[in-house]
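Engineer: Sequence and predicted structure are below.
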Amino acid sequence: MHRFFTQRHQLLGLALGLYLIPLWVVSVFSMSYVSHSQSWRVLSLGLLLSLAGAFVLFFVLRGWEEALKMVYTQEISENSCMDEVGEPCLKSEELFKLEEQIQALEFQNKRLVQELSDQVAKTQEDLSQLSLITEEYASFRTHAEEKIEQNEIYIHELHQEISDQKNALQTKDKWILDLESQVQDRSYEVKTLLKLTDLPQFKKEALMEKEEKIVHTNGSFFRPSPSLYSLNEEVLDEAKVHNPEGASHHLKQCIDIAQKITGANHFASGSSLFRDLPVNSYALDLRRLCDSLGNENMAAVGVYSKKENRLLFANHEIRNLLGWSSEKFAQDFSEIVQEGFPEWKNKVFSLIEYEEGKVRLLVKTKAGENLLLNCHLGLIPAGIFRNHVVAVFYPA
């Protein structure tokens, strides 16, 4: 039966036929042939037929259900048989692959675990080294801070000591300058006394002393005749510079004197007290130059500094020539010169070594008169006064 009721609409048609067809037949029969008195019989018969159809329908549905169960059971059994046949081959291949994958994963897992353990060990070692370095750095920093603090205290003490030593050195410098001045004074006095016999000025003074000497004869005193003074003055005047040749010769002598003056070598005995002290000896050296050229009485002599652009020195013959003192003449040189000062400056700054320059100056005397002077200029080629200019003045 299950072969005939495999579709749902077939079962539905059968149910309608079993219920409706008997009712329709009974109803038509009752209307056509049966009277109203016999209608209950017909109705009972219809109900009986309907009940019989319901039983038939029940059994049909039960058979249909069993048929479907058999179909589904057969399909499931067939599928299970097919699975049982193909499963061993599939499982053997898959198991082999899975075993290989499991082995590979286990090996990879072991490798990763080993790498992780190595990394953890290395990290722990790095952490231990870092902790050691941190401790060493902390101790070093503490030691360095203490050392820096000690050094700062020591530096402060050194600064204080240096300041005290500097003040002491400044005081000693003042004492040394005073001592140097005294030593130089005594040295120049000794040198002057030793060289006085070679200077013309000393000869003149010696001659005047002889003339003014009181002569004792038989208990009476007399002075020499005044004519002796005039004779000596004439001799000295004739020895002074009056021409270009004499001026050039005297200029060379003055330049030779100036270039032979060397720097002051104070306390040359090597005493440790004065060895490292910076002594500015320019003023002392200039004084030596002034003393050396101040003894020249053959002509008026001056020293001009191109660096300072002024006349540094003039000897005492300026007083005999112009009436001005040497200090006044050196200080107001540009004002005393009435004419020729620009030519003087041009000639001074254009001089070269071993070349003699000549210029004429109109100067004002102390008496208010103008006097024309010839001036011979020469450059000092060596020594501590190198590039200074020596000037020799004489009346034109």
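Structural biologist: Ah, there it is. What you are looking at is a predicted structure, and each value in this text was computed from that prediction instead of being measured.
Engineer: max-length helix in this protein?
Structural biologist: helix 39-195 (DSSP state H).
Engineer: what mean pLDDT does it have?
Structural biologist: Averaged across helix 39-195, pLDDT comes to 80.
Engineer: What is it packed up against?
Structural biologist: If you count contacts as 3 or more CB pairs under 8 Å, 6 or more residues apart in numbering; DSSP states H and E, helix 39-195 packs onto helix 8-32, helix 282-294. C-beta: built from backbone N, CA, C; applies to glycine.
Engineer: who's in contact with whatever helix or strand comes next after the last one?
Structural biologist: It stands for helix 282-294. As assigned by DSSP states H and E, the chain's next helix or strand after helix 282-294 is strand 300-305. Here strand 300-305 makes contact (CB atoms under 8 Å, 6 or more residues apart in numbering) with 250, 254, 258, 289-290, 293, 310-315, 317-318, 320-322, 329-330, 333, 348, 385, 388-394.
Engineer: Repeat the analysis, applying 6 Å as the threshold.
Structural biologist: 254, 293, 311-315, 317-318, 321, 348, 388-393 (CB atoms under 6 Å, 6 or more residues apart in numbering).
Engineer: Each with direction, which strands does it pair with?
Structural biologist: strand 310-314 (antiparallel), strand 389-395 (antiparallel) (DSSP bridges).
Engineer: buried set for the shortest one?
Structural biologist: If I follow you right, that is strand 310-314. 311-314 (16 or more other CB atoms under 10 Å).
Engineer: Need the contact partners of that strand.
Structural biologist: Taking CB under 6 Å, 6+ apart as the rule, strand 310-314 contacts 290, 302-305, 326, 329-330, 333.
Engineer: again, 10 Å this time
Structural biologist: 286-287, 289-291, 293-294, 300-305, 321-322, 324-334, 336, 385, 388-391, 393 (CB atoms under 10 Å, 6 or more residues apart in numbering).
Engineer: What subset of those residues is buried?
Structural biologist: Using 16+ other CB under 10 Å, the buried ones in the contacts of strand 310-314 are 286-287, 289-290, 293-294, 300-305, 321-322, 324, 326, 328-330, 333, 336, 385, 388-391, 393.
Engineer: Least confident of the helices and strands packed on helix 39-195, on average?
Structural biologist: Among the helices and strands packed on helix 39-195, helix 8-32 scores lowest, at a mean of 66.
Engineer: Now do the domain split for the protein, please.
Structural biologist: If you go by automatic domain parsing, the domain ranges for the chain are 1-168, 241-265+280-396.
Engineer: picking up where we left off before, among the buried residues of strand 310-314, which pair sits farthest apart?
Structural biologist: The distance between the two most remote of those (CB to CB) is 8.7 Å, for 312 and 314.
Engineer: thinking again about what came up before, and residue 189, which of the domains of the chain is closest to it?
Structural biologist: Across the domains of the chain, closest to residue 189 is domain 241-265+280-396 (CB to CB), at 10.4 Å.
Engineer: where do the strands sit along the stretch 201-350 of the chain?
Structural biologist: Under the criterion DSSP state E, counting those that start in this stretch, the stretch 201-350 of the chain carries strands at the ranges 215-217, 220-222, 300-305, 310-314, 337-339.
Engineer: average pLDDT for the first one?
Structural biologist: The pLDDT scores in strand 215-217 average 42.
Engineer: Turn the domains of the chain into a markdown table, including distance to residue 186.
Structural biologist: Shown next, in a markdown table, are the domains of the chain (distance: least, CB to CB, whole Å):
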| stretch | distance to residue 186 |
| --- | --- |
| domain 1-168 | 26 |
| domain 241-265+280-396 | 13 |
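Engineer: tell me the most buried of those domains?
Structural biologist: For the domains of the chain, the largest average neighbour count (mean count of other CB atoms under 10 Å) is found in domain 241-265+280-396, namely a mean of 17.
Engineer: measure that one end to end?
Structural biologist: End-to-end span of domain 241-265+280-396 (CA to CA, to the nearest Å): 11 Å.
Engineer: residues touching residue 356, list them.
Structural biologist: Listed by CB under 10 Å, 6+ apart, the contact partners of residue 356 are 244, 247-248, 251-252, 255, 376-379, 392.
Engineer: Could you find which two of these are furthest from each other?
Structural biologist: 244 and 379 (18.1 Å).
Engineer: these two touch, right, residue 373 and residue 329?
Structural biologist: No - Residue 373 lies out of contact with residue 329 (CB atoms under 10 Å); the separation is 11.6 Å.
Engineer: Need the residues touching each of those two.
Structural biologist: With CB under 10 Å, 6+ apart as the test, residue 373 and residue 329 both reach 300, 321-322, 363, 393.
Engineer: Make CSV out of these and add pLDDT.
Structural biologist: Below are the shared contacts of residue 373 and residue 329 laid out as CSV (pLDDT from 0 to 100):
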residue, pLDDT
300, 91
321, 89
322, 90
363, 92
393, 92
